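Asks: output the structure for:
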Amino acid sequence: MKYLSIFLSCASLILVGILFYLFFNHTEQIKKISEAEKKTAASHFRIAYFETDSLEADCTYFKDLQVRAREKQDAMDGELNKMEREYQKRISELQAKASTMSPTESEKAQQEYAGMQQTYQSRKQLLTEQLYKYNEELKADIRKKIEGFLKDYNKQMNYAFIFANEPNSFMYYQDTVYNITQDLVNGLNEGYKK
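Replies: Numbers count the residues shown, from 1 in each chain. Predicted coordinates for the structure are as follows:
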């Protein structure tokens, strides 16, 4: 009996030692596996970028949208210039009659002038808002086309991130190996031709 308790104590001590060894050896293996997974993940982490100014300069769709925006701006300017010429003509007529006007006619002329100014300003504001809205719709359309192309493009390339690099942006260094601007321009131009 006396030897049995000593034997059991020694056996339990040996088993505890084996368990400690297995536990710490297993955690070392887990660490090695997780480090290998991190290295593998890091090697597959890819980032690309495209130059927005090159996109605007080389993409046919962008050029057509810029022409449309300019036409809309010119139409707005033309309408406002026409209104201004008509108002200037009327003001000249009123000024020519100013010396022969009665006080009530003079007051009416001043009210007419104030009305013309108010009409001009409200029309200018409305046209400016419409132009702004139109330009925002064009920008949203461009963004949608870029995102659609990049979504399909990235199915093959597997980039983690694709950034738009604008002049004076926060990117201080970029490796031209990851510049996908030409791919984007070619893809958007092909899509626009269709």
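
Asks: check which element follows the helix or strand containing residue 81 along the chain.
Replies: Taking DSSP states H and E as the definition, residue 81 sits inside helix 60-97. The first helix or strand that comes after helix 60-97 along the chain, using DSSP H and E, is helix 103-157.

Asks: packing partners of the helix holding residue 81?
Replies: If you count contacts as 3 or more CB pairs under 8 Å, 6 or more residues apart in numbering; DSSP states H and E, helix 60-97 packs onto helix 52-58, helix 103-157, helix 181-193. All C-beta spots, glycine's among them, are computed from the backbone N, C-alpha and C.

Asks: run the chain-centre distance for it.
Replies: Relative to the chain's own centre, helix 60-97 is displaced by 31 Å; criterion: CA atoms, centre = their mean, to the nearest Å.

Asks: could you do stretch 127-141 as well?
Replies: The answer for stretch 127-141 is 15 Å, by CA atoms, centre = their mean.

Asks: any buried residues in it, and which?
Replies: 127, 131, 138 (16 or more other CB atoms under 10 Å).

Asks: if we can go back for a sec, could you dump the helices and strands packed on helix 60-97 to JSON lines with mean pLDDT and distance to residue 12?
Replies: As requested, those are arranged in JSON lines below (pLDDT from 0 to 100; distance: least, CB to CB, whole Å):
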{"stretch": "helix 52-58", "mean pLDDT": "87", "distance to residue 12": "71"}
{"stretch": "helix 103-157", "mean pLDDT": "91", "distance to residue 12": "59"}
{"stretch": "helix 181-193", "mean pLDDT": "86", "distance to residue 12": "68"}
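
Asks: distance to residue 167 for those helices - can I get that in a markdown table?
Replies: Shown next, in a markdown table, are those (distance: least, CB to CB, whole Å):
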| stretch | distance to residue 167 |
| --- | --- |
| helix 52-58 | 6 |
| helix 103-157 | 17 |
| helix 181-193 | 13 |
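
Asks: for residue 96, which of these is the nearest?
Replies: The minimum distance between residue 96 and the helices and strands packed on helix 60-97 falls on helix 103-157, with 11.1 Å, by CB to CB.
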